[in-house]
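Undergrad: A predicted structure for the sequence below; I have some questions about it.
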Amino acid sequence: MPSGSTARAGAFLAACAIAVVGVSAGPAGGAAGIIDQKAAATQIEAMTGAPAKITWVRSTDGRMLYLGCGFKDIQNACWVVMVFDTQEGRERVFAPASTPGAYHTPLITPNGERLIWNRGRQDIFIADWDGRNARLLMKGLL
């Protein structure tokens with residue numbers, strides 16, 4: 001039987017799959033309604049045992065998710081950073097990375113208060129979860 005932290009990690013990965021596959025099927029402005037986002041939030045919290053935040057990169061037409069296939073696959077595409085917070089109960093386009101571009105590798109800080117992401121091959125940005133205080137953090141690639 002897995003330890004408590006291993007089981008929670010597995011549940012969180014399952015929750016991510018539900019949110020990304022079930023929630024993010026529409027255009028960049030919101031989900032296409034494949035599943036009820038509030039219901040998804042409830043399911044995720046039931047699996048993780050706590051509120052959760054999830055982030056991913058999606059094409060502006062909502063048909064493709066960026067799953068780490070390599071920079072070559074995203075450099076000419078139009079991508080936006082998406083976020084889902086179970087306490088908000090909905091997905092949304094992350095405002096600082098809402099203008100379509102070569103965004104990739106979004107990460108949530110351990111305390112859940114900020115988001116870090118790459119734009120292009122050399123810029124790493126950071127902003128508060130609500131999109132405020134966006135700034136260039138450093139040059140480099142996550």
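TA: That came through fine.

Undergrad: quick one, helices of the chain?
TA: 4-17, 37-48 (DSSP state H).

Undergrad: Pick out the shakiest of these, pLDDT-wise.
TA: Ranked by mean pLDDT, those bottom out at helix 4-17, with a mean of 49.

Undergrad: Tell me how many other residues crowd residue 141.
TA: With neighbours defined by other CB atoms under 10 Å, the count for residue 141 comes to 12. For the C-beta atoms, the positions are set from N, CA and C on the backbone; glycine is no exception.

Undergrad: likewise residue 36?
TA: 14.

Undergrad: do the same with residue 92
TA: Residue 92 has 17 nearby residues by other CB under 10 Å.

Undergrad: again with residue 108
TA: Counted with other CB under 10 Å, the neighbours of residue 108 add up to 17.

Undergrad: Check residue 61 too.
TA: 12.

Undergrad: For the chain, which segments count as strands?
TA: Here the chain has its strands, by DSSP state E, at 53-59, 65-66, 79-85, 90-93, 103-108, 114-119, 123-128, 135-139.

Undergrad: Name the stretch among those that sits most buried.
TA: strand 79-85 (a mean of 24; mean count of other CB atoms under 10 Å).

Undergrad: if we look at that strand, which residues are touching it?
TA: For strand 79-85, the surrounding residues in contact (CB atoms under 8 Å, 6 or more residues apart in numbering) are 19, 23-24, 28, 37, 40-41, 51-60, 66, 90-94, 96-104, 106, 115, 117, 129.

Undergrad: orientation of it relative to strand 103-108 in degrees?
TA: Orientation check (axes from the mean of the first three to the mean of the last three CA atoms, to 10 degrees): strand 79-85 against strand 103-108 gives 20 degrees.

Undergrad: Switch the strands of the chain over to JSON lines; also include mean pLDDT and distance to residue 45.
TA: Shown next, in JSON lines, are the strands of the chain (pLDDT from 0 to 100; distance: least, CB to CB, whole Å):
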{"stretch": "strand 53-59", "mean pLDDT": "84", "distance to residue 45": "11"}
{"stretch": "strand 65-66", "mean pLDDT": "60", "distance to residue 45": "22"}
{"stretch": "strand 79-85", "mean pLDDT": "86", "distance to residue 45": "11"}
{"stretch": "strand 90-93", "mean pLDDT": "86", "distance to residue 45": "14"}
{"stretch": "strand 103-108", "mean pLDDT": "86", "distance to residue 45": "16"}
{"stretch": "strand 114-119", "mean pLDDT": "90", "distance to residue 45": "20"}
{"stretch": "strand 123-128", "mean pLDDT": "92", "distance to residue 45": "22"}
{"stretch": "strand 135-139", "mean pLDDT": "92", "distance to residue 45": "30"}
